[in-house]
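Undergrad: Quick one, fold the following:
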Amino acid sequence: MTLRFSVLASGSTGNAFYIESDKQRLLVDAGLSGKQMDRLFGEITVNPKGLDGILVTHEHSDHIKGLGIIARKYNLPIYANEKTWQAMEDAIGTISLDQKFHFGMEEIKTFGDIEVESFGVSHDAAEPMFFTFRNDEKKVALVTDLGYVSERIKRTVEDADAYIFEANHDVSMLRMGRYPWNVKRRILGDSGHVSNEDSGLALSDLITNRTSRIYLAHLSQDNNMKDLARMSVDHILKERGITLDIRDTDPKTPTALYDVG
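TA: Numbers count the residues shown, from 1 in each chain. Coordinates of the predicted model:
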């Protein structure tokens, strides 16, 4: 029994996450064009025809840009909560009824040998939610697009083998950057995005001895840098006696498939 995953793309320009077991293949979000999605799958040598379904976190375009195209091209079922379906329906084009499925917030669904749990996050979308994935004793947590990490989220995602965790911005870079103040306020607010420092602090509460790797995700191209995010999170963890394998993600290049074991 095993879980393998790749962060296909992560950032403000597009997000997609792939996870598989021996019996199941799932995509979370398709925030790049259909052509780019096919390229990303090609780079990790996975055929999207073999996908068993697409899970949707929320309706922002950097998460659903290629959703309709991929779903129609490969005749894939889409799973989203009711408010997200309503919010994204016009943007993704016509999807046949037999491809539309409901996945509610705070719900657990079983896809083959993968158990998926959804949890709500604080973000300025209709009803945004992210996921943990379990197979046998292994657990992977996908946590981005949130203004803060609540105690409820911590209880849901703690003690995972691997995290894909938001480290969106460096607060100083954001404050001094070119964004208008209303955008800065949105990003810094409780419905915006998690900073490098807050990411490190949250992770230090979640990590246990079983945690083997962290991927820092959804980095801002304008208000962060990979090295800065990695060093910031690593510094906070080491202050708390935690040394871990911290990896980058990229808006255009997928991470190599990682075998959780």
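
Undergrad: Can you classify the most centrally placed residue in the chain as helix, strand or coil?
TA: For the chain, the residue sitting closest to the mean C-alpha position, by C-alpha atoms, centre = their mean, is L142 at 4.6 Å. Assigned state for L142: strand (three-state reduction, DSSP: H, G, I helix; E, B strand; the rest coil).

Undergrad: If you drop the residues flanking it in sequence, what lies closest to it?
TA: Nearest residue to L142 in three dimensions, chain neighbours excluded: I164, at 4.8 Å (C-beta to C-beta, 6 or more residues apart in numbering). In short, each C-beta sits where N, CA and C put it, glycine included.

Undergrad: Same question for D259.
TA: Leaving aside its chain neighbours, D259 sits nearest to R4 (5.0 Å; criterion: C-beta to C-beta, 6+ apart).

Undergrad: Provide the backbone phi and psi angles at the one you found.
TA: phi -130, psi 150 (degrees, to the nearest 10).

Undergrad: Quick check: it touching V260?
TA: Yes - with contact defined as C-beta atoms under 8 Å, R4 counts as touching V260 (6.9 Å).

Undergrad: coming back round to it: how much space between the residue nearest to the centre of the chain and P128?
TA: As judged by C-beta to C-beta, to the nearest Å, L142 and P128 stand 12 Å apart.

Undergrad: Angles on the backbone of S199, please.
TA: According to degrees, to the nearest 10, S199 has phi -60, psi -50.

Undergrad: tell me the pLDDT at the spatially closest residue to it that is not a sequence neighbour?
TA: Excluding its sequence neighbours, the residue lying closest to S199 (C-beta to C-beta, 6+ apart) is A167, at 4.1 Å. pLDDT, A167: 98.

Undergrad: which residues touch A167?
TA: Counting by C-beta atoms under 8 Å, 6 or more residues apart in numbering, A167 makes contact with 194-196, 199-200, 216-219, 224, 229, 232-233.

Undergrad: Same list, those residues, but as JSON lines with neighbour count please.
TA: Rendered in JSON lines, the data for these read as follows (neighbours: other C-beta atoms under 10 Å):
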{"residue": "V194", "neighbour count": "27"}
{"residue": "S195", "neighbour count": "26"}
{"residue": "N196", "neighbour count": "27"}
{"residue": "S199", "neighbour count": "28"}
{"residue": "G200", "neighbour count": "27"}
{"residue": "L216", "neighbour count": "29"}
{"residue": "A217", "neighbour count": "29"}
{"residue": "H218", "neighbour count": "26"}
{"residue": "L219", "neighbour count": "28"}
{"residue": "N224", "neighbour count": "23"}
{"residue": "A229", "neighbour count": "26"}
{"residue": "S232", "neighbour count": "22"}
{"residue": "V233", "neighbour count": "25"}
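
Undergrad: Redo the residues you listed as JSON lines? Include pLDDT and secondary structure.
TA: Converted to JSON lines, the contacts of A167 look like this (pLDDT from 0 to 100; DSSP: H, G, I helix; E, B strand; the rest coil):
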{"residue": "V194", "pLDDT": "96", "secondary structure": "coil"}
{"residue": "S195", "pLDDT": "96", "secondary structure": "strand"}
{"residue": "N196", "pLDDT": "97", "secondary structure": "helix"}
{"residue": "S199", "pLDDT": "97", "secondary structure": "helix"}
{"residue": "G200", "pLDDT": "98", "secondary structure": "helix"}
{"residue": "L216", "pLDDT": "98", "secondary structure": "strand"}
{"residue": "A217", "pLDDT": "98", "secondary structure": "strand"}
{"residue": "H218", "pLDDT": "97", "secondary structure": "coil"}
{"residue": "L219", "pLDDT": "97", "secondary structure": "coil"}
{"residue": "N224", "pLDDT": "95", "secondary structure": "coil"}
{"residue": "A229", "pLDDT": "98", "secondary structure": "helix"}
{"residue": "S232", "pLDDT": "98", "secondary structure": "helix"}
{"residue": "V233", "pLDDT": "98", "secondary structure": "helix"}
